[in-house]
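S.K.: how does the following fold in three dimensions:
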Amino acid sequence: MKSSYCQVVICRWGLAVLCSLLLGACGSPEKQSLRVFRYNSTNGIASLDPAFAKSQEVIWAVKQLYNTLVEPDSNLVIRPSLAKQWRESADHRTYTFDLRTDVYFHDSDIFPGGKGRRMTAHDVVYSLRRIMDPATASPGAWIFNGKLSADSGFKALNDSTFELKLYRPFHPVLGILSMQYCSIVPHEAIEKYGKDFRNHPCGTGPFRFFLWDEGQALVLHRNPLYFETDSAGHRLPYLEAVQVGFLESKASEFLLFRQGQLDFMNDIDASFKDEVLTKQGQLRKEWEGKMVLNKHPYLNTEYLGFLTDSSMAIVKASPLRWKKIRQAINYGIDRTKMMTYLRNGIGTAATAGFVPAGLPSFSAQRVKGYPCNPAMARQLLREAGFPDGKGLPVIKLLSIPIYADLANYVANQLENVGIRVQVEIVQKSLLLEQTAKSQALFFRGSWIADYPDAESYLAMFYSKNPAPPNYTRYHNPAFDRLYEASLQEINDSLRYAQYQEMDNMIMADAAVVPLFYDEVVRLVQPNISGFSNNGMNLLELRRVKKIKI
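M.R.: The predicted structure follows:
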């Protein structure tokens, strides 16, 4: 090992992991720790292959190692990354990308002499086709389904020009290209490692792979040849390394954060949220100056769903087949009180449709959901033939354990207006199975955007889509026509108006009960700067700095 490497223990979490950090010189441990960003992943990391970037944990790690053609900025506007710019054809079916010519894959023994080669348009074609290849078995294979041909949809016009050709216009395609599934990989790595590419990653990202002791620690080093610079011309990233631990306990994670051994925490566990946050979602006085609370709208809608296909026997036998009953359930829930007492103000009560706050098309003025109105709920029950709920059968609500308190809150609220709800707690795998097979009449669900466009939410109600994503089996011909028209609309203002009209249709038909629009909640150490939030809850470390305080 070269003398410029310094052996230091940077993990004091009971793991005793020795990590080599390329710092140029062996300074003090305190100085070295200022150049290492440390976080914990309670759910572990299943793979470092972007073709399997399905979970948040994998997405976060993959984002440090790879790049995509385009990416969302902090406002979820799609910006260039590996592509410098792009052009759209007059018929909106062909996108031509001009690629950067200063991007190199990480140094690796897969390349001659161990030196990373320049990335080209041929790598883009290879990477995107690989996602669609059944042999890859990527959970992201669906992203291009019905949109283009794997053979003719991707083309390298030359080393620095890539062309994508769609069957028909599909405006959200740029959002799809920003997903981590679409990270660019070198064919040499796949050819050498095959399925073991999962633990031999090689990309173009700001950090490069160094060590992964599964279940113990993942260490990434700064990529000294990363192509991006800051406004002053300094090469990014600023950090020398990223270290990920894998403690399963959120309580232990919080303890380590309080001790300064972690630089940030994602989300606040229910067991200590009251200790950290007020009921209004603010940091308690005793923690001010010791940690920083970051909150930002998160593209996740938590909801209750109804099975609405009235041709199914299970629906025909249920009172939920009547729209007025579904509307009464919507009016019978005080979402604002729910946010205060169950969520400590984390998130926003969902009274403006299904599409969440944080997307540019969101409008609480143009999309009207359901405020709490017990009187209206009772009126609807009377109109449906069940005054004060008399004669209305008990309705079963399926939920998973971590949302049991929320489901019970809903049941108690609805009992006050005459709707009896029996909460049944099942494991997540069973709930997913039952909703996919259209066996759940009333169920708790959540939908996190795959890409920053409201289409990701509205696709859940397009009748030609299976379950998933159309778990409710919603079928509205007027909605379908508008959905298809929106896919071809290139004017943002007109498309947003179409999105809002569709959301109003979903609300009018009461296909779902939106509960709340989620928030990204992060606890960050006071000496961290340049740490930004975004609606996709991506982990952005390129501009992060640690300062001595």
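S.K.: use CA for all of it now, contacts and neighbours both
M.R.: OK.
S.K.: can you give me the strands for the stretch 51-200 of the chain?
M.R.: Counting by DSSP state E, counting those that start in this stretch, the stretch 51-200 of the chain has these strands, from start to end: 70-72, 78-80, 83-88, 94-99, 154-158, 161-165.
S.K.: comparing those strands, which comes out most buried?
M.R.: Per residue and on average, the most neighbours among these fall to strand 70-72, with a mean of 23 (mean count of other Cα atoms under 10 Å).
S.K.: so which elements touch the helix or strand hosting R495?
M.R.: In this structure, R495 is located in helix 492-509 according to DSSP states H and E. Based on contacts counted as 3 or more Cα pairs under 8 Å, 6 or more residues apart in numbering; DSSP states H and E, the elements that helix 492-509 packs against are helix 455-458, helix 477-486.
S.K.: go with 6 Å
M.R.: Using 3 or more Cα pairs under 6 Å, 6 or more residues apart in numbering; DSSP states H and E as the contact criterion, helix 492-509 has no neighbours among helices and strands.
S.K.: can you list contacts of it?
M.R.: Helix 492-509 is touched from outside by G353, S361, V367, G369, F479, S486, E489, with contacts defined as Cα atoms under 6 Å, 6 or more residues apart in numbering.
S.K.: count the residues that sit near the last one.
M.R.: In other words, E489. Around E489 sit 17 other residues, with neighbours defined as other Cα atoms under 10 Å.
S.K.: any idea which residue sits dead centre in this structure?
M.R.: The C-alpha lying nearest the average C-alpha coordinate of the chain belongs to M536 (Cα atoms, centre = their mean; 4.8 Å).
S.K.: mind checking the SS state of that one?
M.R.: Classification of M536 using DSSP: H, G, I helix; E, B strand; the rest coil returns coil.
S.K.: may I have the biggest strand by length in the chain exported as CSV, CA atoms only?
M.R.: Once the chain is assigned using DSSP state E, the strand that runs over the most residues is strand 292-306. Listed next in CSV are the C-alpha coordinates belonging to strand 292-306 (Å, rounded to 0.1, in the frame of the first residue of the first chain):
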residue,chain,number,x,y,z
VAL,A,292,-30.4,21.1,12.7
LEU,A,293,-33.8,20.1,11.5
ASN,A,294,-34.4,20.0,7.7
LYS,A,295,-37.9,19.6,6.4
HIS,A,296,-39.0,19.6,2.7
PRO,A,297,-42.1,18.4,0.8
TYR,A,298,-41.6,14.7,-0.2
LEU,A,299,-43.2,13.2,-3.2
ASN,A,300,-45.2,10.6,-1.2
THR,A,301,-48.9,10.5,-0.8
GLU,A,302,-50.2,8.4,2.1
TYR,A,303,-53.8,7.3,1.4
LEU,A,304,-56.6,4.8,1.9
GLY,A,305,-57.7,3.1,-1.3
PHE,A,306,-61.1,1.6,-2.4
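S.K.: partners of that strand in the sheet?
M.R.: Sheet pairing of strand 292-306 (DSSP bridges) gives strand 442-448 (antiparallel), strand 512-524 (antiparallel).
S.K.: okay, these in CSV with mean pLDDT, distance to M502 and mean neighbour count next?
M.R.: Written out in CSV, the entries for the strands paired with strand 292-306 read as follows (pLDDT from 0 to 100; distance: least, Cα to Cα, whole Å; neighbours: other Cα atoms under 10 Å):
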stretch, mean pLDDT, distance to M502, mean neighbour count
strand 442-448, 96, 17, 21
strand 512-524, 96, 13, 24
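S.K.: with distance to F170 as extra columns, can I get these in JSON lines?
M.R.: Formatted as JSON lines, the entries for the strands paired with strand 292-306 read as follows, by distance: least, Cα to Cα, whole Å:
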{"stretch": "strand 442-448", "distance to F170": "20"}
{"stretch": "strand 512-524", "distance to F170": "26"}
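S.K.: to H221, which of those lies closest?
M.R.: With Cα to Cα as the measure, strand 512-524 is the member of those nearest H221 (21.3 Å).
S.K.: what's the next secondary structure element after the closest one?
M.R.: Tracing the chain C-terminally past strand 512-524 and defining elements by DSSP H and E, one meets strand 528-529 next.
S.K.: identify the residues contacting that next one?
M.R.: For strand 528-529, with Cα under 6 Å, 6+ apart as the criterion, the contacting residues are V544, K545, K546.
S.K.: which of these fall within strands?
M.R.: Secondary-structure check on these using DSSP E: residues within strands are K545, K546.
S.K.: tell me how many other residues crowd G113.
M.R.: One way to gauge burial is a neighbour count; for G113, by other Cα under 10 Å, it gives 9.
S.K.: how much space separates it from E228?
M.R.: Summarising the geometry, the distance separating G113 from E228, computed by Cα to Cα, to the nearest Å, is 25 Å.
S.K.: out of the contacts of helix 492-509, which is most surrounded?
M.R.: Of those, G353 is surrounded by the most neighbours, 30 neighbours in total, counting by other Cα under 10 Å.
S.K.: leaving out the residues flanking it, which one is nearest to that residue?
M.R.: In space, and not counting its chain neighbours, G353 is closest to G369: 4.8 Å by Cα to Cα, 6 or more residues apart in numbering.
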